[in-house]
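Peer 1: next come a sequence and a model predicted from it.
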Amino acid sequence: MSAPLVRRLALIGIGLIGSSLARVARKEGLAEKIVISTRSAETLRRAEELGLGDRYCLDAGEAVEDADLVIVSVPVGASGAVAKWIAPSLKPGAILTDAGSTKRSVIEQMAPHVPEGVHFIPGHPIAGTEQSGPDAGFAELFRNRWCILTPPEGTDPAAIARLTAFWEGCGSTVDTMDAEHHDLVLAIVSHLPHIIAYNIVGTADDLEAVTKSEVIKYSASGFRDFTRLAASDPTMWRDVCLYNKDAILEMLARFSEDLAALQRAIRWSDGDKLFDIFTRTREIRRSIVEAGQDTAVPNFGRDMAQAEAGE
Ligand SMILES: NC(=O)C1=CN([C@@H]2O[C@H](COP(=O)(O)OP(=O)(O)OC[C@H]3O[C@@H](n4cnc5c(N)ncnc54)[C@H](O)[C@@H]3O)[C@@H](O)[C@H]2O)C=CC1
Ligand SMILES: O=C(O)C(=O)Cc1ccc(O)cc1
C-alpha cells in the first residue's frame, strides 16, 4: 500500500462535512494521523465516541500544531475567528483550506491571519445534505461530486496539486475558479434554491385556509423536496445569506423579475408563454440527468440499510 498523502490532518469543526472528511480519510488511508478540534466539548466527545480521529483537542491551536493539512469546516461566519486562533500554531509549508459554501468572504476573513509560508487554498465541496453534526457524516459523501478550489493568484502549484490529490482521494473531481465567480454560480445553483425552499415552506406554514395537517397529509413530492432543503441547518444558512449577500441579492432580483413574468402569463392566460418557459427548463433537467448529477443526496443505499436495521 502507498504512503498516506498527508502525515497529519487537522479537522477544525466536526459536523456533517468535517466528520465525512474524517471518515473518508480513515477509510481511504489518506492521512497517517487525524486530529480533531471543535468548539463544544459535547460535540468533541461525540466525535471521540464515534472514533472519528486519533486525537481530540478543544484548543484549535493545539490541534493544528505540526499538521500538514488543516481543513476548517465551520459555519462561514466563524472562519475569521478560527483563522485568528490557529494562525500562530500553523507550521511553515502547511496547507490551510476550508469547506465553506461562500468563498470571497471566507478569504476576506481568513487571509489576513495566514502566516507567511502557509499555503492558503480556499475550497468548497459541492456535496452535502440537510443534516448536520458529527453523526450525520458518511465516507461516501464526496464520491462523484465536484470540489471547487479558489486559490488566490500566485498560490504554489505544488500545494494546489497536493490538495487536489487529497480531494480526489475522497472521490471528488476538482475544479478551480475565481472566488467571485464561485459565489455568483453558487448563489443561483445552491443558495437561491435553499432560500426559496425556506420561503415556500414558511408560506405554507403561515396559511390560515389550509391546515398544517393538510400540508403534511397531501404534500406532493415537489413540496416534500422543498421541506428537505428547508430542514437544513439554520446557523449555516444564516451565515451563507449574510456572507454571500451581494451575489444572492443579484440572483434574487433576477428571480423576482422572472417570477413576475410568469405571474403575468398566468394572469393573462398566456398559455403559449407558459408552455415556452416550461419547455426551456425541461432541457436543464435532462442535461443534469445526462451528466449523472441527478441525485441530490447520494446515500449509497444507506436508506435501505437503515430500514433493514429498523432505524
Ligand atoms: N451542510 C452541507 O450540506 C454543506 C456545508 N458546507 C459548508 O461546510 C461548513 C460546515 O458545514 P457542516 O459540516 O454542514 O456544519 P455542521 O453544523 O454540521 O458542523 C459545524 C461544525 O463547526 C463547529 N463550529 C461552529 N462554530 C464554530 C466556531 N466558532 N469555532 C469552531 N468550531 C465551530 C460545530 O461545533 C460543528 O462541529 C460550512 O461552512 C458550510 O457552509 C459545504 C458543503 C455542503
Ligand atoms: O442538501 C442539498 O441538496 C445540498 O444542496 C447540499 C449542499 C449545501 C450547501 C453547499 O454549499 C453544498 C451542498
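Peer 2: On my side now, so go ahead. Ligands and ions are numbered 1, 2, ... in the order given.
Peer 1: going by proximity to ligand 1, name the top residue of the stretch 51-200 of the chain.
Peer 2: residue 128 (1.8 Å; CB to the nearest ligand atom). Where C-beta positions appear, they are placed from N, C-alpha and C, glycine not excepted.
Peer 1: find the nearest non-adjacent residue to that residue, please.
Peer 2: Among residues not flanking residue 128 along the chain, residue 16 sits closest, at 6.4 Å (CB to CB, 6 or more residues apart in numbering).
Peer 1: wait, the one you found sits on residue 130?
Peer 2: No - with contact defined as CB atoms under 8 Å, residue 16 and residue 130 do not form a contacting pair (9.2 Å).
Peer 1: tell me which of those two has more neighbours.
Peer 2: Neighbours were counted for residue 16 and for residue 130 using other CB atoms under 10 Å; residue 16 has more, 26 against 17.
Peer 1: my guess is residue 32 is in a strand, correct?
Peer 2: Yes - Residue 32: assigned to a strand according to DSSP: H, G, I helix; E, B strand; the rest coil.
Peer 1: could you pull up the residues touching it?
Peer 2: Counting by CB atoms under 8 Å, 6 or more residues apart in numbering, residue 32 touches 4, 6, 7, 8.
Peer 1: from these, list the ones also adjacent to ligand 2.
Peer 2: Among the contacts of residue 32, no residue is within reach of ligand 2 (CB under 6 Å from any ligand atom).
Peer 1: kindly reformat these as CSV containing pLDDT, distance to ligand 1 and secondary structure.
Peer 2: What follows is the contacts of residue 32, written out as CSV (pLDDT from 0 to 100; distance: CB to the nearest ligand atom, whole Å; DSSP: H, G, I helix; E, B strand; the rest coil):
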residue, pLDDT, distance to ligand 1, secondary structure
4, 85, 23, coil
6, 97, 19, strand
7, 98, 23, strand
8, 98, 19, strand
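Peer 1: ok, of those residues, which come out buried?
Peer 2: 4, 6, 8 (16 or more other CB atoms under 10 Å).
Peer 1: for the nearest residue in space to residue 243 that is not next to it in sequence, give me the pLDDT.
Peer 2: Closest residue to residue 243 apart from its sequence neighbours, by CB to CB, 6+ apart: residue 105 at 3.8 Å. We have a pLDDT of 98 for residue 105.
Peer 1: tell me the helix or strand right after the helix or strand that contains residue 105.
Peer 2: Using DSSP states H and E, the element containing residue 105 is helix 104-110. Downstream of helix 104-110, the first helix or strand assigned by DSSP H and E is strand 119-120.
Peer 1: gap between that next one and the chain center?
Peer 2: In terms of CA atoms, centre = their mean, to the nearest Å, the gap separating the centre of strand 119-120 from the centre of its chain is 20 Å.
Peer 1: rounded mean pLDDT for that strand, please.
Peer 2: The model assigns strand 119-120 a mean pLDDT of 98.
Peer 1: just checking, what packs against it?
Peer 2: Judged by 3 or more CB pairs under 8 Å, 6 or more residues apart in numbering; DSSP states H and E, the packing partners of strand 119-120 are strand 95-98.
Peer 1: and the strand it packs on, which strands flank it?
Peer 2: strand 69-72 (parallel), strand 119-120 (parallel) (DSSP bridges).
Peer 1: these into CSV, with extra columns for mean neighbour count?
Peer 2: Below are the strands paired with strand 95-98 laid out as CSV (neighbours: other CB atoms under 10 Å):
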stretch, mean neighbour count
strand 69-72, 26
strand 119-120, 22
